[in-house]
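Peer 1: here's a sequence, model it:
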Amino acid sequence: MNQYSRNCLLVLLSVALLLCLSCASPPPAGNVVDDLDRTINIDEIPQRIISLAPSNTEILFALGLGDRVVGVTEYCNFPEAAIAKPKVGGFSTVDIEKVVSLEPDLVLATQIHSKTAIPALEKLGITALALAPGSLDEVMNNITLVGKITGQDKQASQLVNSLGTRIEAIASRTQNLAPDQRPRVLYLTWHDPLITAGTETLVDDIISKAGGQNIAYDISGHKAIALETVIHRDPQLIIASIGMGTGEDLPWQYVKNEPRLKNTEALLNDRVYKIDGDLAHRAGPRIVDALEQMAQFIHPELFEEIN
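Peer 2: As a prediction, the model looks like this:
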């Protein structure tokens with residue numbers, strides 16, 4: 001082999017090496033902190049992921065990770081491809097044996113799993129990371145975190161930027177509204193008993209960003225509210241969650257038919273609305289759809305162009 005051939009071979013080898021390096025998997029995330037303030041070590045990019053919450057499942061698929069998802073809950077119904085995945089139980093009733101049998105290298109859990117499922121999995125040497133956001137900003141942070149630990153940083157960044165643009169389009173029109181320009185809002189999670197979304201919930205953050213005032217300002221989380229309190233605080237509009245389990249639109253029907261609510265401003269002005277509970281309660285990318293819908297409900301004069 002002459003010198004020219006050797007030089008050509010070296011050039012080709014160098015190019016091949018550069019191509020291999022550029023196609024190599026991103027480095028593992030290392031130590032990350034989840035929403036339960038636990039430090040989790042991710043020493044390898046996970047290839048077999050189980051989701052214990054519909055919101056986590058939606059994040060994974062939105063980041064193009066559907067082929068790595070090996071197990072989901074019985075309630076993970078979006079996107080359609082998630083329905084065909086093996087089931088590991090319900091949202092709060094995780095089948096640990098089934099999880100183990102699927103040999104995951106990462107389980108994405110949430111707050112509800114903190115006392116039972118997560119300790120059980122960790123005892124078996126299975127890495128579990130909890131996502132439990134209470135605001136839209138925290139949802140965006142979770143998407144970024146999942147992108148980081150799965151090597152999908154670019155996809156996560158693109159998704160967060162896209163969602164952030166839509167959030168800003170709402171917030172920019174409502175952030176300077178005076179208190180008397182912010183209608184009083186009751187969000188009804190369930191009707192028997194009356195359950196609403198108070199502070200430290202995604203719904204509360206959505207109501208605020210959409211330009212409303214949550215009348216459940218002294219309640220934390222999704223908890224009961226007395227009908228007398230609702231009547232006294234006189235909501236100017238009521239948004240009822242529908243599609244929860246087999247409940248269909250029962251909360252909305254309750255509001256429309258409860259005689260003790262007929263003199264509230266919401267009923268007098270026919271401002272009672274429905275929203276898909278899967279949108280409003282799942283801390284994934286579709287939460288921005290819920291924000292856009294609620295913005296239309298609360299300030300139709302500001303958001304007529306949103307489809």
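Peer 1: how about the strands in the chain?
Peer 2: Here the chain has its strands, by DSSP state E, at 30-33, 39-42, 49-51, 69-71, 106-109, 128-130, 184-191, 194-197, 213-214, 222-224, 237-242, 272-276.
Peer 1: pick the most deeply packed of the ones you listed.
Peer 2: Comparing the strands of the chain by mean neighbour count (mean count of other Cβ atoms under 10 Å), strand 49-51 ranks first with a mean of 29. All C-beta atoms are positioned from the backbone trio N, CA, C, and that covers glycine.
Peer 1: show residues contacting that strand.
Peer 2: Applying Cβ atoms under 8 Å, 6 or more residues apart in numbering, the contact partners of strand 49-51 are 57, 60, 65, 68-73, 76, 88, 99, 102, 104-108, 150.
Peer 1: same check, this time on stretch 68-84
Peer 2: 46-54, 57-58, 60-61, 66, 85-91, 94, 98-99, 102-104, 150, 278, 286.
Peer 1: make JSON lines out of the strands of the chain and add mean pLDDT and distance to Trp252.
Peer 2: Listed next are those as JSON lines, based on pLDDT from 0 to 100; distance: least, Cβ to Cβ, whole Å:
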{"stretch": "strand 30-33", "mean pLDDT": "90", "distance to Trp252": "39"}
{"stretch": "strand 39-42", "mean pLDDT": "94", "distance to Trp252": "40"}
{"stretch": "strand 49-51", "mean pLDDT": "98", "distance to Trp252": "29"}
{"stretch": "strand 69-71", "mean pLDDT": "98", "distance to Trp252": "33"}
{"stretch": "strand 106-109", "mean pLDDT": "98", "distance to Trp252": "32"}
{"stretch": "strand 128-130", "mean pLDDT": "97", "distance to Trp252": "32"}
{"stretch": "strand 184-191", "mean pLDDT": "96", "distance to Trp252": "8"}
{"stretch": "strand 194-197", "mean pLDDT": "97", "distance to Trp252": "13"}
{"stretch": "strand 213-214", "mean pLDDT": "98", "distance to Trp252": "18"}
{"stretch": "strand 222-224", "mean pLDDT": "96", "distance to Trp252": "17"}
{"stretch": "strand 237-242", "mean pLDDT": "96", "distance to Trp252": "4"}
{"stretch": "strand 272-276", "mean pLDDT": "97", "distance to Trp252": "5"}
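Peer 1: distance to Asn257 added to these, as TSV?
Peer 2: Below are these laid out as TSV (distance: least, Cβ to Cβ, whole Å):
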stretch	distance to Asn257
strand 30-33	47
strand 39-42	48
strand 49-51	38
strand 69-71	41
strand 106-109	39
strand 128-130	40
strand 184-191	10
strand 194-197	14
strand 213-214	24
strand 222-224	20
strand 237-242	12
strand 272-276	11
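Peer 1: who wins for proximity to Glu301 among these?
Peer 2: Set against Glu301 and scored by Cβ to Cβ, those come closest in strand 237-242, at 13.3 Å.
Peer 1: now do the helices in the protein.
Peer 2: Ranges of helices in the chain, per DSSP state H, are 3-23, 54-62, 80-83, 96-101, 117-123, 136-150, 153-174, 202-209, 227-233, 250-257, 265-268, 277-281, 287-298.
Peer 1: ok and the longest one relative to helix 136-150, angle-wise?
Peer 2: Here helix 153-174 runs at 170 degrees with respect to helix 136-150, directions being taken by axes from the mean of the first three to the mean of the last three Cα atoms, to 10 degrees.
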